[in-house]
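Participant: no letters, just coordinates:
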């Protein structure tokens, strides 16, 4: 099928999470110029994934949102200032799309409640009268292991997660969009079916837009990598022994995205106990019935996701997790030290180069407020040595 783009349209790709959204975003980011030239579809240059900005703008406590906390934006005044910048970006992209179409991809939109969807539409209605809402859905039994891994990366333990496993609650995710935009504007696609095409959900999405994916440049897409069973257990132990977040910011005992080191561990793919999967399947049965009866949508077979027995003792997992964490921390300390030295060497001869080094430090440790002051010093032609 192809969506109707005979009129100026705002296309909102709302996810959901863990359905190939990263691959879709990377593909359109790589081909944004061709998309605009050949199909009059504008895709943001700055925000190929609009989740962070839009969730920050439309939630009541943006300073507590993990996207902001990781960037050091963990107070209400800082979050308010940043949200104003996010809204300027949105208005700029809307203007840049004229007179054609605007494509916004943000899997976080699938978490919006009715009021948030209405608030977003109120902004977009100033420029658009026609919408298409695209959502890729994944069977809950297939989706849950991916969701658990993401929660592990965000600092939770397996015990915390499995105490009350997530139910994706499709009715809650889809109904607000149908209520605000109408059933005819909402397009639901089966992720398991879509990923069987040559480029997975990318090919399927292109077909919806009337875009020939074969004529586009296919980047070396880095889809969200999974944790193996062993890596997931290690990360869970690490999150228990050294919590990722403390007092609304990343703990001093951890470094930003340190789980990436654990993702290098090979082994059996992560899966969940059979009783957990059965519980989720029972809980989501009403949701699946609602999808079929109200949206004419049903899933393919989700396949096998049951966990095999793990025989690594907890004490061994704990010691390995702490050792890897120590190595990550030491590596980060040395990296920051080297970047500071390079910035000090460059600040007079190459101020722009020095600023880039300082920005790299800020990406690694957003909580270091001295880095922002050091950048300002370099811009003003002053030595940042006392701040570094």
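Facilitator: Yes, it's here. Because the structure is a prediction, the values reported are computed rather than measured. Numbers count the residues shown, from 1 in each chain.
Participant: ok, then the element right after the longest helix along the chain?
Facilitator: Ranked by residue count and defined by DSSP state H, the top helix of the chain is helix 314-346. Next helix or strand after helix 314-346 toward the C-terminus (DSSP states H and E): helix 351-364.
Participant: and the helix or strand just after that next one, which residues are buried?
Facilitator: Counting by DSSP H and E, the next helix or strand C-terminal to helix 351-364 is helix 369-379. For helix 369-379, the neighbour count (16 or more other Cβ atoms under 10 Å) marks 371, 374, 375, 377, 378 as buried. Any C-beta I mention is one placed from the backbone N, CA and C, and that applies to glycine too.
Participant: same check on stretch 270-283?
Facilitator: For stretch 270-283, using 16+ other Cβ under 10 Å, the buried residues are 270, 271, 272, 276, 277, 279, 280, 281.
Participant: please report how far the second one lies from residue 115.
Facilitator: Spelled out, that is residue 271. Going from residue 271 to residue 115 by Cβ to Cβ, to the nearest Å gives 37 Å.
Participant: where exactly do the helices run in the stretch 201-350 of the chain?
Facilitator: 201-209, 229-241, 259-262, 274-283, 285-295, 314-346 (DSSP state H, counting those that start in this stretch).
Participant: rebuild those as CSV, extending it with distance to residue 150 and mean pLDDT.
Facilitator: What follows is those, written out as CSV (distance: least, Cβ to Cβ, whole Å; pLDDT from 0 to 100):
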stretch, distance to residue 150, mean pLDDT
helix 201-209, 17, 95
helix 229-241, 11, 95
helix 259-262, 10, 91
helix 274-283, 16, 88
helix 285-295, 20, 94
helix 314-346, 19, 91
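Participant: let me have those in TSV, adding distance to residue 60 as columns.
Facilitator: Putting those into TSV (distance: least, Cβ to Cβ, whole Å) gives the following:
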stretch	distance to residue 60
helix 201-209	32
helix 229-241	26
helix 259-262	28
helix 274-283	27
helix 285-295	26
helix 314-346	33
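Participant: of the buried residues of helix 369-379, just say which sits nearest to residue 6.
Facilitator: Residue 6 lies nearest to residue 375 out of the buried residues of helix 369-379, by Cβ to Cβ, at 48.1 Å.
Participant: now that closest one, nearest residue through space, not along the chain?
Facilitator: Nearest residue to residue 375, sequence neighbours excluded (Cβ to Cβ, 6 or more residues apart in numbering): residue 358, at 5.0 Å.
Participant: name all residues that make contact with the one you found.
Facilitator: When the contact criterion is Cβ atoms under 8 Å, 6 or more residues apart in numbering, the partners of residue 358 are 339, 343, 371, 374, 375, 378, 384.
Participant: quick check: the last one touching residue 374?
Facilitator: The reference is to residue 384. Yes: Residue 384 lies in contact with residue 374 (Cβ atoms under 8 Å); the separation is 3.8 Å.
Participant: okay, and the common contacts of the two?
Facilitator: Shared contacts of residue 384 and residue 374 (Cβ under 8 Å, 6+ apart): 343, 358.
Participant: pull the contacting residues for residue 85.
Facilitator: Listed by Cβ under 8 Å, 6+ apart, the contact set of residue 85 is empty.
Participant: all strands for the stretch 51-200 of the chain, in order.
Facilitator: Per DSSP state E, counting those that start in this stretch, the stretch 51-200 of the chain carries strands over the ranges 101-105, 131-137, 186-190.
Participant: could you dump the ones you listed into TSV and include mean pLDDT?
Facilitator: What follows is the strands of the stretch 51-200 of the chain, written out as TSV (pLDDT from 0 to 100):
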stretch	mean pLDDT
strand 101-105	98
strand 131-137	98
strand 186-190	96
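Participant: of all the ones you listed, which one is nearest residue 50?
Facilitator: Closest among the strands of the stretch 51-200 of the chain, using Cβ to Cβ: strand 101-105, at 5.2 Å.
Participant: partner strands of the helix-or-strand element of the chain with minimal mean pLDDT, with direction?
Facilitator: Taking mean pLDDT, DSSP states H and E as the measure, the chain has strand 249-250 as its least confident helix or strand, at a mean of 82. Paired strands of strand 249-250, with direction, are strand 245-246 (antiparallel) (DSSP bridges).
Participant: next one: the partner strand to chain centre, how far?
Facilitator: Relative to its parent chain, strand 245-246 has a centroid offset of 20 Å by Cα atoms, centre = their mean, to the nearest Å.
Participant: can you redo the strands of the stretch 51-200 of the chain as CSV with mean neighbour count and distance to residue 162?
Facilitator: Converted to CSV, those look like this (neighbours: other Cβ atoms under 10 Å; distance: least, Cβ to Cβ, whole Å):
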stretch, mean neighbour count, distance to residue 162
strand 101-105, 25, 30
strand 131-137, 23, 23
strand 186-190, 18, 26
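Participant: need the ones you listed in TSV with distance to residue 388, can you?
Facilitator: Below are those laid out as TSV (distance: least, Cβ to Cβ, whole Å):
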stretch	distance to residue 388
strand 101-105	38
strand 131-137	46
strand 186-190	50
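Participant: can you tell which of the helices of the stretch 201-350 of the chain is closest to residue 47?
Facilitator: That would be helix 201-209 among those, by Cβ to Cβ, at 17.4 Å.
Participant: ok and the closest one relative to strand 101-105, angle-wise?
Facilitator: Going by axes from the mean of the first three to the mean of the last three Cα atoms, to 10 degrees, helix 201-209 is angled at 150 degrees with respect to strand 101-105.
Participant: got the contact list for residue 227?
Facilitator: By Cβ under 8 Å, 6+ apart, the contact list for residue 227 reads 149, 152, 153, 235, 259, 262, 263, 265, 270.
Participant: out of the residues you listed, who's the most crowded?
Facilitator: residue 235 (29 neighbours; other Cβ atoms under 10 Å).
Participant: follow-up on the earlier one: now the residue nearest to residue 375: how far from residue 254?
Facilitator: 22 Å.
Participant: next one: residue 322
Facilitator: Taking Cβ to Cβ as the measure, residue 322 falls 11 Å from residue 254.
Participant: which one's more surrounded, these two?
Facilitator: Applying other Cβ under 10 Å to residue 322 and residue 254 shows that residue 254 carries more neighbours, namely 21 against 16.
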